[in-house]
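Asks: Fold the following and give me the result.
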Amino acid sequence: MHLKSDDIVRLEIDFITGEVPPPFSHIFKLKLSFSKNFVNTQFNIQYTDRETLTPEEIVDEGFTMADDYSYKGEIPKLWEGIFKKFYSSSKWSNLKTLGEKGGIKLLAKDIHGKLIRDIPLNQEDWYFTCQDFIQAIYEVSKKEAPMQIRYLEIKKEQKTMVEIVYKFSVRKVLLNINGKQKEMAWERGRELASLIFIPDYDYGVAMEDEPVKNGRYLDCGDGIWHNFEKGIINLDPSFDAKKKIEHALSQLL
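Replies: Numbers count the residues shown, from 1 in each chain. Sure thing, here's the model as predicted:
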């Protein structure tokens with residue numbers, strides 16, 4: 001018997017990567033309290049088993065020597081509803097410990113003091129929701145700026161610039177098309193971001209300066225421009241992520 005989501009006042013989420021090797025292997029813990037007009041949040045992430053690697057090997061994988069992070073503070077209240085709704089719709093394994101593959105386990109406490117510990121069956125959904133919440137933490141704490149993706153289309157010297165800014169803390173996607181601002185539905189914007197991180201990007205042919213020649217270009221958030229014709233590569237032959245990204249971006253214009 002699980003708790004009624006409306007009665008939950010505290011949620012603790014533990015994650016461990018399991019069999020993933022360093023420098024990627026890590027653990028994180030989220031402690032969320034829902035009794036105020038914000039989500040009282042404690043967060044800690046630690047990267048594990050890095051003593052087996054040299055600093056060069058860690059940096060070569062895109063990490064730093066100081067990736068562990070802790071946060072204690074307030075996140076907008078809208079996240080309370082997201083976690084409670086997610087909890088109420090989840091299916092549960094009734095296992096008490098995680099296996100070698102790792103994953104997420106939860107502890108929930110309700111207004112009556114009742115505690116439930118469990119492991120959700122929809123592990124991937126919980127993981128991605130937690131990742132979005134962690135991104136909200138990084139935003140609120142100013143550890144990272146809001147994620148921004150840019151798309152540039154140049155036809156016969158005519159430029160169309162699309163800037164997409166993701167505000168995870170308030171779950172808003174802001175669009176700027178050649179200076180004209182509008183808002184994009186969060187789920188649609190999130191789906192586009194997920195698509196964009198599926199292909200491989202060839203940094204050997206990427207450009208630091210804004211392109212000027214006819215073509216279509218994508219900046220995934222690091223300020224580097226990738227040409228759709230030769231710099232973006234599908235990893236899975238059965239899934240044309242590049243075409244789906246192009247279609248989704250062209251619909252914004």
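
Asks: so who does residue 55 touch?
Replies: For residue 55, the contact set (Cβ atoms under 8 Å, 6 or more residues apart in numbering) comprises residue 65. In this view, the C-beta of every residue, glycine as well, is placed from N, C-alpha and C.

Asks: Check residue 15 too.
Replies: Contacts of residue 15 (Cβ under 8 Å, 6+ apart): 27-29, 102-104, 127, 130.

Asks: so which of those comes closest to residue 218?
Replies: residue 127 (25.5 Å; Cβ to Cβ).

Asks: My guess is the closest one contacts residue 101. True?
Replies: No: between residue 127 and residue 101 no contact is recorded; they are 12.0 Å apart, counting by Cβ atoms under 8 Å.

Asks: In terms of neighbours, single out the busier of those two.
Replies: residue 127 (15 against 11; other Cβ atoms under 10 Å).

Asks: Sort out which of the contacts of residue 15 are in strands and list them.
Replies: 27-29, 103-104 (DSSP state E).

Asks: got those residues as CSV, with pLDDT columns?
Replies: Converted to CSV, the ones in strands among the contacts of residue 15 look like this (pLDDT from 0 to 100):
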residue, pLDDT
27, 97
28, 98
29, 98
103, 96
104, 97
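
Asks: Pick the one among these closest to residue 14.
Replies: residue 29 (5.3 Å).

Asks: May I ask you to confirm that that closest one is in contact with residue 13?
Replies: Yes: judged on Cβ under 8 Å, residue 29 makes contact with residue 13 at a distance of 7.1 Å.

Asks: So the two - more neighbours on which side?
Replies: residue 13 (22 against 15).

Asks: Count the residues that sit near the spatially closest residue to residue 47 that is not a sequence neighbour.
Replies: Among residues not flanking residue 47 along the chain, residue 26 sits closest, at 4.6 Å (Cβ to Cβ, 6 or more residues apart in numbering). Residues lying near residue 26 (other Cβ under 10 Å) number 19.

Asks: What ranges does the stretch 151-253 of the chain have for its helices?
Replies: If DSSP state H, counting those that start in this stretch is used as the criterion, the helices of the stretch 151-253 of the chain fall at 186-196, 241-252.

Asks: so which of those gets nearest residue 167?
Replies: Across those, closest to residue 167 is helix 186-196 (Cβ to Cβ), at 9.4 Å.

Asks: what's the angle between that closest one and helix 241-252?
Replies: Angle of helix 186-196 versus helix 241-252, following axes from the mean of the first three to the mean of the last three Cα atoms, to 10 degrees, is 140 degrees.
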